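Enquirer: Sequence first, then the predicted structure, then my questions.
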Amino acid sequence: MFNHSRYPVRSATAASAASAGLLLLLVTALFPVFNSVAASDLKTAAAQNSTPIPVFTETVIKRILAHGPWPPVMPADPGNELSGLAWAESIGKKLFNDNAMSDGRQFSCASCHKAELGFSDGIALAQGVRQHVRNTQGLLNVGLQRWFGWDGGADSLWAATLRPLLSDIEMNADIPTVAQYLRSQNIFSTIPGRSGSDQTVADINDEALLVLASKAIAAYMRTLRSEVTPFDLFRNALAESNNAAPGQYPISAMRGAKLFFDEANCYVCHFGANFSNSEFHDVGRPFFTGVGQVDPGRYTGIKRVREDPYNLVGQYNTQRLSGPVRKTTSITLSQINFGQWRTPSLRNLTLTAPYMHDGSLATLRDVVDAYADIDPARLHSKGESIIKPLALDDNQREDLVAFLRSLSAADK
């Protein structure tokens, strides 16, 4: 449990403002906790009647603690009998980097998912055989997702891996050609059978072999995890009542955290250790992709996952667990889904610019501004929207940026 006497905590009924003199006394009393900040800076800030150190309520602290610890346990990929097997992860890594998996050997998965960019590509719109209308999502911690793709058009990581292989926009793979390559390279010597006995490559057809390759790639992708961040260290210090550790966390990021977990309500959608509720929301972004062309987002994603022959209801799901199957069979399609996008994780943002489903926002400041200045008229969700304009000044916006940057590893 955290010790309130050691951290800047204010009850919800406390006064909302403090004088500069009282602020200086507060800062001085808490100086051992925030020992990375020079005393002269604190005096200057107090003299200017600013608030360098935010005061967290017990409620806000509980919200912060709910966003960890990191890393969490990585769940198995539903329907993937290769998930968690070291030999399959090794094969998957090889195939992930193999351009023979695409038409004309032009692309590998790694062509658009570069490790140094958080397994994204650094450009606004994905570029495969043709240009996509969506931004390439990073793959770090992808195994924590419940739905995959901006529109949630895949219900498992292995199905999401198979889609770009076969997409005529992305890798444009041909099943017989890729299967012939896999057989010629003896990629799989034996194959785990559903009955527990091993099969050989000769025992399965080309489509089943390509599905197996996608499951191996997904097994590898499930191992892609991000490092502990400055926020995680700050959060852990609160949980452990550690006096010194919070002092290493930038005060601007603390102020941003207070906004994120309190007034701005960002935590409602960006919830949990991975900073995502895994749901879909209309965030007011344009869905026109050209003259007379639209990208309907989740509305299309629901149709896709229902019709996908590789979904968890289909024949290639070798683990008939009721929970994962139920999420696919129970989804309903509604007009409200039009223009909704999956809530992305906020981890590793310093690696994965540009942002949003269409790559239309170049910087984190652009993202903060877009949400702070959002036009409610652009939102078409039923009832009261959880997204509202925020009356944030320039300093507060920069504080939010500092907080978002703290969700990436310190050296990134």
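Expert: Looks like it came in fine. Just so it is clear, the structure is predicted and the values come from calculations on it, not from any experiment. Numbering: from 1, shown residues only.
Enquirer: ok, which stretches of the stretch 151-300 of the chain are helices?
Expert: Taking DSSP state H, counting those that start in this stretch, the helices of the stretch 151-300 of the chain run over residues 157-166, 175-184, 206-221, 230-240, 251-258, 298-307.
Enquirer: nearest to F287, of these?
Expert: Nearest to F287, of all the helices of the stretch 151-300 of the chain, is helix 298-307, at 9.5 Å by C-beta to C-beta. From N, CA and C alone the C-beta is placed, and that goes for glycine too.
Enquirer: Can you give me the buried ones in that closest one?
Expert: 298-302, 304-305 (16 or more other C-beta atoms under 10 Å).
Enquirer: Of all pairs in those, which one is the farthest apart?
Expert: Y299 and V305 (11.7 Å).
Enquirer: Would you mind giving the helices of the stretch 151-300 of the chain as TSV with mean pLDDT and distance to M356 added?
Expert: Output for the helices of the stretch 151-300 of the chain, formatted as TSV (pLDDT from 0 to 100; distance: least, C-beta to C-beta, whole Å):
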stretch	mean pLDDT	distance to M356
helix 157-166	97	19
helix 175-184	95	32
helix 206-221	97	22
helix 230-240	94	22
helix 251-258	96	20
helix 298-307	97	15
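Enquirer: can you tell which of those is closest to W341?
Expert: helix 298-307 (6.8 Å).
Enquirer: Tell me which other helices or strands that closest one touches.
Expert: Judged by 3 or more C-beta pairs under 8 Å, 6 or more residues apart in numbering; DSSP states H and E, helix 298-307 has no packing partners among the helices and strands.
Enquirer: which residues of this protein fall in strands?
Expert: With strands called from DSSP state E, the chain shows them at 191-192, 198-199, 280-281, 288-290, 293-294, 341-342.
Enquirer: of all these, which lies closest to K215?
Expert: That would be strand 191-192 among those, by C-beta to C-beta, at 10.0 Å.
Enquirer: contacting residues around the closest one?
Expert: 81-82, 198-201, 203-204, 212 (C-beta atoms under 8 Å, 6 or more residues apart in numbering).
Enquirer: Separate out the buried members of those.
Expert: Going by neighbour count (16+ other C-beta under 10 Å), the contacts of strand 191-192 have 81-82, 199, 201, 204, 212 buried.
Enquirer: Dump those residues to JSON lines, plus distance to V228.
Expert: Listed next are the buried ones among the contacts of strand 191-192 as JSON lines, based on distance: C-beta to C-beta, whole Å:
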{"residue": "E81", "distance to V228": "31"}
{"residue": "L82", "distance to V228": "28"}
{"residue": "Q199", "distance to V228": "41"}
{"residue": "V201", "distance to V228": "41"}
{"residue": "I204", "distance to V228": "41"}
{"residue": "L212", "distance to V228": "34"}
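Enquirer: pLDDT-wise, what's the bottom of the residues you listed?
Expert: Lowest pLDDT of these: Q199, 74.
Enquirer: F188 is in contact with that one, correct?
Expert: No - using C-beta atoms under 8 Å as the test, Q199 is too far from F188 to be in contact (9.3 Å).
Enquirer: was I right about P376 contacting P389?
Expert: Yes - contact criterion C-beta under 8 Å: P376 and P389 qualify, at 6.9 Å.
Enquirer: ok so, going back, out of the contacts of strand 191-192, which is nearest to Q319?
Expert: Closest approach between the contacts of strand 191-192 and Q319, by C-beta to C-beta: E81, at 6.5 Å.
Enquirer: Chain neighbours aside, what residue packs nearest to that closest one?
Expert: Spatially, and ignoring its direct neighbours in sequence, E81 is nearest to T318 (4.7 Å; C-beta to C-beta, 6 or more residues apart in numbering).
Enquirer: With M74 instead?
Expert: The shortest distance from M74 to any non-neighbouring residue, by C-beta to C-beta, 6+ apart, is to G143 (4.9 Å).
Enquirer: Kindly report the same for W158.
Expert: What sits nearest to W158 in space, not counting adjacent residues and going by C-beta to C-beta, 6+ apart, is A218, at 3.9 Å.
Enquirer: residues contacting the one you found?
Expert: Shown in contact with A218 (C-beta under 8 Å, 6+ apart): 77, 80, 82-83, 92, 156-158, 160-161.
Enquirer: one more time with 7 Å
Expert: By C-beta atoms under 7 Å, 6 or more residues apart in numbering, A218 lies in contact with 77, 80, 92, 157-158, 161.
Enquirer: Also R105?
Expert: Neighbouring residues of R105 by C-beta under 7 Å, 6+ apart: N99.
Enquirer: pLDDT wise, what is it at?
Expert: 94.
Enquirer: what do you get for S189?
Expert: 78.
Enquirer: Quick one: neighbours of it, just the number.
Expert: For S189, the count of nearby residues is 9 (other C-beta atoms under 10 Å).
Enquirer: do I331 as well
Expert: I331: 17 neighbours (other C-beta under 10 Å).
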